[in-house]
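> need coordinates for the below:
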Amino acid sequence: MTEQFDDTDSLREALEEFVLDRDALSAIENQFSGFNVFEAIGHTHAEERHSNFLGFLFDPQGSHGLGDAVLREFILRTVRSVPREARPVDLLKMSVTDLSSTLILREHRNIDIFGLNEEEKLVLVIENKIRSSEHSNQLQRYREYVDSQYPDHREIYVYLTPEGEEPSDGSYIPYSYTDLLLLLEDIIKEHRKSLAAPILSTLEHYLEILRRYVVSDEALVTLAKSIYQKHKTALEFIFEQRPDLQLELSDLIVGLIAESSKFIQDRHVKTSINFVPREWANIPKFNITPDNLWTKSGRTVMLEFRNSTASMNLCVVLGPTDDQQFRESMYDYCKSKPDIFRGITSKLYQSFVTLYSKRILSRQQLEDGELSDLEPIIRKFWEEFLEHDLPIICKALEEHATS
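Numbering: from 1, shown residues only. Model prediction:
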């Protein structure tokens, strides 16, 4: 128990008060309890899955039975925020335009949602961001692609984020998930009687997910803050005991390495786990790093699981050593064999350089998955690595180091 919680009696009393504060807890629980189909299948934060569902709703030919109603209303509400003289479409005409022939595509040229209506000479581009941010000038690249491929079309660019953030490209209209929530609420009100029961239920479940995980409910935020102030000690203790996926994955990896007698484990912390094949302990050049520069073992070349919150990778790392000639020779050798040493860094850095790197888990998998989901993926990767990549890597490195 940490120093902050060293008074057991006071902590027990704080936990009891928290548990017995039923009125406050019920107000929160009522908003988050109950079955939700999107929550059940883990579709809460993932941008790709939100884009999939929105693409379904925007598709006039979709089986939702709403025709082009959602698409038209989305266009009307986004364009309405643009000054009249700069609007790509006339709102009055758009309100009565038949958009049923619009083609909706997902991930067309990496565009999250792409809409094309040849009859109306209209292109719709939606970039959807929930937890990530813009990168690699993607908004500009998408606009340049549309400009070049559809020069005679009217273009509507929308940047969809939880808070309606300003896009880096001024051609895009910022639109928030709060606005999207209000739009879908209005669609449900208008079409409730005509909607099939499964579609109505699915839409309502989706609105719940937006309220719970994407947009801020001001009343809930205020309530949560008051509960936290009232029960701060109990909540902070509970928070410290929460499951830590990164630590769970680290423990899993340490266990995997220990299952094999082929390896010697070295330093391991939550974010990186180092180990070597037993044979490397007998190769002098692989063990010439001063014990104050990396690990106390003095190893110079090690395998490393990199276990961050953004990705998991398995790497071969060349550490610091006074023998710069060996480091340069090893790096140049690996650089000359890209078929073996994939993911090698672009230059020889002073202290550490990655000679090989292979992705195991992506950010999306880590955000969406739990240990039970990710463990089979890691084990499969590990088995294939042991069978295929590791023998080739070991043979190449050992031959070079002993030549």
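> domain parsing for this protein?
Following the assignment in automatic domain parsing, the chain carries domains at 38-219, 245-402.
> avg pLDDT for the shortest one?
Translated: domain 245-402. Per-residue pLDDT over domain 245-402 has a mean of 92.
> for it, the distance to its chain's centre please.
The chain centre lies 24 Å from the centre of domain 245-402; the measure is CA atoms, centre = their mean, to the nearest Å.
> again, but for the first one
Centroid displacement of domain 38-219 relative to its chain, using CA atoms, centre = their mean, is 20 Å.
> circling back to that earlier point, closest one to T8 among the domains of the chain?
Within the domains of the chain, the stretch nearest T8 is domain 245-402; the backing value is 24.7 Å (CB to CB). No exception for glycine: its C-beta is placed from N, CA and C like everyone else's.
> now the end-to-end length of that closest one.
Taking CA to CA, to the nearest Å, domain 245-402 runs 41 Å from one end to the other.
> just to revisit the earlier point, would JSON lines of the domains of the chain with mean neighbour count and distance to I238 be doable?
Listed next are the domains of the chain as JSON lines, based on neighbours: other CB atoms under 10 Å; distance: least, CB to CB, whole Å:
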{"stretch": "domain 38-219", "mean neighbour count": "16", "distance to I238": "19"}
{"stretch": "domain 245-402", "mean neighbour count": "16", "distance to I238": "17"}
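> okay, these in TSV with distance to I227 next?
What follows is the domains of the chain, written out as TSV (distance: least, CB to CB, whole Å):
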stretch	distance to I227
domain 38-219	13
domain 245-402	25
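> out of these, which comes closest to F18?
Per CB to CB, nearest to F18 of those: domain 38-219, 20.8 Å.
> and that closest one, what's its mean pLDDT?
Mean predicted confidence for domain 38-219 is 89.
> again with stretch 11-25
The pLDDT scores in stretch 11-25 average 71.
> 12 is where my numbering starts, stick with that
With the count now opening at 12, the last piece we talked about shows up as stretch 22-36.
> closest to R23 out of the domains of the chain?
Proximity to R23 (CB to CB) singles out domain 256-413 among these, at 26.1 Å.
> what sits against E130?
By CB atoms under 8 Å, 6 or more residues apart in numbering, E130 lies in contact with S112.
> tell me the secondary structure for it?
coil (DSSP: H, G, I helix; E, B strand; the rest coil).
> for K296, see how far away it is.
70 Å (CB to CB, to the nearest Å).
> CA atoms of stretch 172-190 as PDB?
Extracted C-alpha coordinates of stretch 172-190, given in PDB (Å, rounded to 0.1, in the frame of the first residue of the first chain):
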ATOM      1  CA  THR A 172     -13.900  15.400 -34.500                       C
ATOM      2  CA  PRO A 173     -15.400  15.100 -31.000                       C
ATOM      3  CA  GLU A 174     -15.000  18.800 -30.300                       C
ATOM      4  CA  GLY A 175     -15.200  20.200 -33.800                       C
ATOM      5  CA  GLU A 176     -11.500  21.000 -34.000                       C
ATOM      6  CA  GLU A 177     -10.200  23.400 -36.600                       C
ATOM      7  CA  PRO A 178      -8.600  21.500 -39.500                       C
ATOM      8  CA  SER A 179      -5.200  22.500 -40.900                       C
ATOM      9  CA  ASP A 180      -6.600  22.900 -44.300                       C
ATOM     10  CA  GLY A 181      -9.100  25.700 -44.600                       C
ATOM     11  CA  SER A 182     -11.100  23.900 -47.300                       C
ATOM     12  CA  TYR A 183     -12.500  21.600 -44.700                       C
ATOM     13  CA  ILE A 184     -15.500  22.400 -42.600                       C
ATOM     14  CA  PRO A 185     -15.100  21.500 -38.900                       C
ATOM     15  CA  TYR A 186     -18.000  19.400 -37.500                       C
ATOM     16  CA  SER A 187     -18.300  17.900 -34.000                       C
ATOM     17  CA  TYR A 188     -19.700  14.700 -32.800                       C
ATOM     18  CA  THR A 189     -22.000  16.700 -30.600                       C
ATOM     19  CA  ASP A 190     -23.500  18.200 -33.800                       C
END
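> confirm E386 sits in a helix?
Yes: checked against three-state DSSP, E386 lies within a helix.
> could you find the closest non-adjacent residue to it?
Of all residues not flanking E386 in the chain, L263 sits nearest, at 6.0 Å (CB to CB, 6 or more residues apart in numbering).
> helices or strands up against the host helix or strand of that neighbour?
Taking DSSP states H and E as the criterion, L263 maps to helix 256-270. Applying 3 or more CB pairs under 8 Å, 6 or more residues apart in numbering; DSSP states H and E, we find helix 256-270 packed against strand 274-279, strand 283-288, strand 312-318, helix 382-395.
> need the next SSE after the third one, C-terminal direction.
Beyond strand 312-318 on the C-terminal side, the first helix or strand identified by DSSP H and E is strand 323-329.
> got the angle for that next one vs helix 382-395?
40 degrees (axes from the mean of the first three to the mean of the last three CA atoms, to 10 degrees).
> list the neighbouring strands of strand 323-329 plus their orientation.
strand 312-318 (antiparallel), strand 364-372 (antiparallel) (DSSP bridges).
> could I get the full set of strands for this protein?
Secondary structure of the chain (DSSP state E): strands located at 114-119, 122-128, 133-139, 165-172, 183-187, 274-279, 283-288, 312-318, 323-329, 364-372.
> let's have those strands in TSV, adding distance to G76.
What follows is these, written out as TSV (distance: least, CB to CB, whole Å):
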stretch	distance to G76
strand 114-119	16
strand 122-128	19
strand 133-139	21
strand 165-172	24
strand 183-187	24
strand 274-279	55
strand 283-288	52
strand 312-318	46
strand 323-329	42
strand 364-372	38
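> would you turn the strands paired with strand 323-329 into a markdown table with distance to F337?
Listed next are the strands paired with strand 323-329 as a markdown table, based on distance: least, CB to CB, whole Å:
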| stretch | distance to F337 |
| --- | --- |
| strand 312-318 | 10 |
| strand 364-372 | 12 |
